[in-house]
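**Student:** Quick one, structure for this:
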Amino acid sequence: MGTGSDTEFSGSIPEIYDRVLVPLIFDGYACDLSKRVAGLKPQNILEIAAGTGAVTRAMAARLPSGTHFVASDLNQSMLDYAKSKQLQSGGVEWRQADALSLPFENGAFDVVVCQFGAMFFPDKLRAYSEAYRVLRPGAHFIFNVWDRISENEFADAISEALAVRFPTDPPRFLARVPHGYHDAAQIRADLSQAGFAEISVEIVGEKSTAPSPRVPAVAYCQGTPLRAEIEARDPSGLDAATEHAASALAQRCGPGPIDGRIQAIVITVAR
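**Tutor:** Okay, here's the model as predicted:
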């Protein structure tokens, strides 16, 4: 059962998330999304669930000056960190916004883009309907979600390790939320119900690398809401749980450097 902590990225999480998790699993997909967006030659872009700005930075580097970006996120702490990292903000406007109730006019954007955020939306139909509303006719919504956890080796190994450490109440955040929305038929149905007609779904696999097993252990255990689940079970046990996860990764992948399969689903829809 999920709680409000599933969407809380506060305290030290934004810094750990950006420093460790973004290069581990997000940068490659941010580059992929930015290429797809650039190919559409948009003038006005809305990014929802921008997090610490991995896609924002990738798009700003790839798109011509004069392109207007609105980078939004539900979590002000993540947005503040993203803004601090965007040394040359250019045409980026930073807005705290809920994807379920976007504070923008109808038809205001050429593209809506979202990297690994849709899984967190408590009402996906409402979020998709809002994306549809703020897009002009003929514009595109491009987003990605993680495939099932078994296709993502580091997350899978860490989730299994924590189930061993907390056998009576395993932390299930990784499988439940980031890797819990991967059914292509369900995604298509949700988007169709929101009004989208042209729907393209593509599986994109990559390789994640780390200098040691401890790096992904820290990334997932301390840089995501999984941290709250660990601390709820053992308030003083975060470091021990992190080391347990690192040991499990070392057993599966070796002492380091290590690599693991990651896989996502990229969805492009036209309004």
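
**Student:** Return the helix or strand in this structure with minimum mean pLDDT.
**Tutor:** helix 13-16 (a mean of 80; mean pLDDT, DSSP states H and E).

**Student:** which helices and strands does that one pack with?
**Tutor:** Contacts defined by 3 or more Cβ pairs under 8 Å, 6 or more residues apart in numbering; DSSP states H and E place helix 13-16 against helix 76-85, helix 214-222. Using the backbone N, CA and C atoms, a C-beta is placed for each residue, glycine as well.

**Student:** And the ones you listed: which comes nearest residue 114?
**Tutor:** helix 76-85 (13.6 Å; Cβ to Cβ).

**Student:** Check what contacts the helix or strand just after the closest one and list those residues.
**Tutor:** Sequence-wise, the next helix or strand downstream of helix 76-85 (DSSP states H and E) is strand 92-96. Strand 92-96 has contacts (Cβ atoms under 8 Å, 6 or more residues apart in numbering) with 56, 60, 68-74, 76, 79, 82-83, 86, 103.

**Student:** Can you give me the buried ones in strand 92-96?
**Tutor:** Neighbour counts using 16 or more other Cβ atoms under 10 Å place 92, 94, 95 of strand 92-96 among the buried residues.

**Student:** same question, stretch 174-186
**Tutor:** Buried positions in stretch 174-186, judged by neighbour count with 16+ other Cβ under 10 Å: 174, 175, 176, 177, 178, 179, 180, 181, 182.

**Student:** Can you list the residue ranges for helices in this structure?
**Tutor:** Assigned helices in the chain, in chain order: 13-16, 27-38, 54-62, 76-85, 124-134, 153-165, 173-176, 184-194, 214-222, 226-233, 238-253 (criterion: DSSP state H).

**Student:** Switch those helices over to TSV; also include distance to residue 146.
**Tutor:** Listed next are the helices of the chain as TSV, based on distance: least, Cβ to Cβ, whole Å:
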stretch	distance to residue 146
helix 13-16	18
helix 27-38	9
helix 54-62	14
helix 76-85	18
helix 124-134	15
helix 153-165	8
helix 173-176	9
helix 184-194	12
helix 214-222	12
helix 226-233	14
helix 238-253	18
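
**Student:** Could you name the stretch from those that's closest to residue 267?
**Tutor:** Nearest of these to residue 267, taken as Cβ to Cβ: helix 184-194 at 6.2 Å.

**Student:** Report all helices and strands that the closest one contacts.
**Tutor:** Right, helix 184-194 is packed against helix 124-134, strand 198-210, strand 258-270 by 3+ Cβ pairs under 8 Å, 6+ apart.

**Student:** Make CSV out of those and add mean pLDDT and mean neighbour count.
**Tutor:** What follows is the helices and strands packed on helix 184-194, written out as CSV (pLDDT from 0 to 100; neighbours: other Cβ atoms under 10 Å):
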stretch, mean pLDDT, mean neighbour count
helix 124-134, 98, 20
strand 198-210, 96, 14
strand 258-270, 97, 19
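
**Student:** how about those in JSON lines, adding distance to residue 19?
**Tutor:** As requested, those are arranged in JSON lines below (distance: least, Cβ to Cβ, whole Å):
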{"stretch": "helix 124-134", "distance to residue 19": "28"}
{"stretch": "strand 198-210", "distance to residue 19": "13"}
{"stretch": "strand 258-270", "distance to residue 19": "18"}
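
**Student:** Tell me which of those sits nearest to residue 238.
**Tutor:** The minimum distance between residue 238 and these falls on strand 198-210, with 19.3 Å, by Cβ to Cβ.

**Student:** so the closest one versus helix 184-194, what angle?
**Tutor:** 130 degrees (axes from the mean of the first three to the mean of the last three Cα atoms, to 10 degrees).

**Student:** Right, I'll leave it there.
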